[in-house]
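In: Predicted model, plus sequence, below.
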Amino acid sequence: MLDHINLRNILFFDIETVPQQPLFTDMNEELQKLWEYRIHRFKPEETPQDDYFWEKAGVYAEFGKAICISVGFFTQADPTTNTYQFRLKCFASHDEHQLLSDFLSMLSRYFDISDKFFLCGHNIKEFDIPFLCRRATILGLSIPQILDVSTARPWEVRHLDTMHLWRFGDYRNYTSLHLLTTVLEVPNPKNDLEGSQVADTYWRQNDLPRIAQYCQQDVVAVARVIQRFKQMPLLSDEQIVYVP
């Protein structure tokens with residue numbers, strides 16, 4: 001599986017997002033009305049508006065924002081033994097414009113060669129990539145070719161989605177990264193944070209470094225899943241290099 005793709009031509013990434021504001025009432029009145037219209041078919045009647053906004057706004061690009069993007073890529077540490085290092089870098093900021101500018105500039109400079117590099121993550125086709133492209137457009141930022149699929153033909157898209165790969169053509173299936181790493185016996189670093197806790201960690205605890213660490217762990221997990229798909233030895237913790 002994926003025999004035609006060189007590990008060193010893949011950029012692994014993951015994003016973390018939160019509501020743009022800590023409270024529903026902190027948005028302007030027009031956005032409050034548009035939020036209510038957007039979710040009125042989905043919100044349980046018994047759930048307070050503030051609670052539902054807190055839980056769900058971060059997944060909508062119109063009402064959420066990116067706070068962290070972690071990336072990782074393989075380099076060949078020793079050609080004679082075919083061993084790798086995995087270099088991890090994290091972009092994290094309260095300033096979303098700066099965060100996206102830094103990440104998109106990195107993509108444009110090093111990875112925007114459409115016939116060579118791939119972007120890889122879990123559920124990136126349905127969440128991470130659309131979210132980033134929408135937020136970049138809202139903020140007036142240019143979208144690199146490797147990220148933008150708006151005019152690309154299917155065979156031109158250079159995105160590897162581990163959730164889609166695991167489907168094997170079954171479009172009804174959704175498998176979380178946690179479940180996938182468990183059934184494939186891929187080490188997934190234990191952490192004290194879950195996706196549902198990111199908004200609380202950011203807005204109430206003001207602990208962005210903790211979120212960044214959580215985000216990086218998912219990038220490592222996806223890289224190991226790809227190695228499992230390719231029937232390769234799995235990345236060890238000692239092979240991971242954290243880049244400032």
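Out: Received it, and whenever you're ready, just let me know what you need.

In: quick one: average pLDDT of stretch 146-155?
Out: Mean per-residue pLDDT for stretch 146-155: 81.

In: helices and strands around whichever helix or strand residue 15 is part of, which ones?
Out: Using DSSP states H and E, residue 15 sits in strand 10-19. Where contact means 3 or more C-beta pairs under 8 Å, 6 or more residues apart in numbering; DSSP states H and E, strand 10-19 is packed against strand 64-78, strand 118-121, helix 129-138, helix 198-203, helix 208-229. In this view, the C-beta of every residue, glycine as well, is placed from N, C-alpha and C.

In: Could you dump those into JSON lines and include distance to residue 4 and mean pLDDT?
Out: Formatted as JSON lines, the helices and strands packed on strand 10-19 follow (distance: least, C-beta to C-beta, whole Å; pLDDT from 0 to 100):
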{"stretch": "strand 64-78", "distance to residue 4": "16", "mean pLDDT": "92"}
{"stretch": "strand 118-121", "distance to residue 4": "11", "mean pLDDT": "96"}
{"stretch": "helix 129-138", "distance to residue 4": "22", "mean pLDDT": "97"}
{"stretch": "helix 198-203", "distance to residue 4": "35", "mean pLDDT": "94"}
{"stretch": "helix 208-229", "distance to residue 4": "12", "mean pLDDT": "95"}
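
In: highest average neighbour count across the ones you listed?
Out: Ranked by mean neighbour count, these are led by strand 118-121 with a mean of 24 (mean count of other C-beta atoms under 10 Å).

In: Extract the CA atoms of that one and return them as CSV.
Out: Presented in CSV, the C-alpha positions along strand 118-121 are these (Å, rounded to 0.1, in the frame of the first residue of the first chain):
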residue,chain,number,x,y,z
PHE,A,118,1.9,15.2,-0.5
LEU,A,119,0.0,16.6,2.5
CYS,A,120,-1.1,13.9,5.0
GLY,A,121,-3.4,13.9,8.1
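
In: Any idea how far it is from the middle of the chain?
Out: Centroid displacement of strand 118-121 relative to its chain, using C-alpha atoms, centre = their mean, to the nearest Å, is 10 Å.

In: Tell me which residues are up against it.
Out: 5, 9-14, 111, 128-129, 146-147, 158-162, 219, 222-223, 226 (C-beta atoms under 8 Å, 6 or more residues apart in numbering).

In: Show the buried residues in those.
Out: 5, 10-14, 111, 128-129, 146-147, 158-162, 219, 222-223, 226 (16 or more other C-beta atoms under 10 Å).

In: tell me, how many neighbours does the nearest residue to residue 177 once chain neighbours are set aside end up with?
Out: Nearest residue to residue 177 in three dimensions, chain neighbours excluded: residue 122, at 4.4 Å (C-beta to C-beta, 6 or more residues apart in numbering). Residue 122 has 26 neighbouring residues, counting by other C-beta atoms under 10 Å.

In: close enough to count as contact, residue 122 and residue 163?
Out: Yes - using C-beta atoms under 8 Å, residue 122 is in contact with residue 163, at 5.4 Å.

In: Return every residue with contacts to both of those two.
Out: 177, 180.
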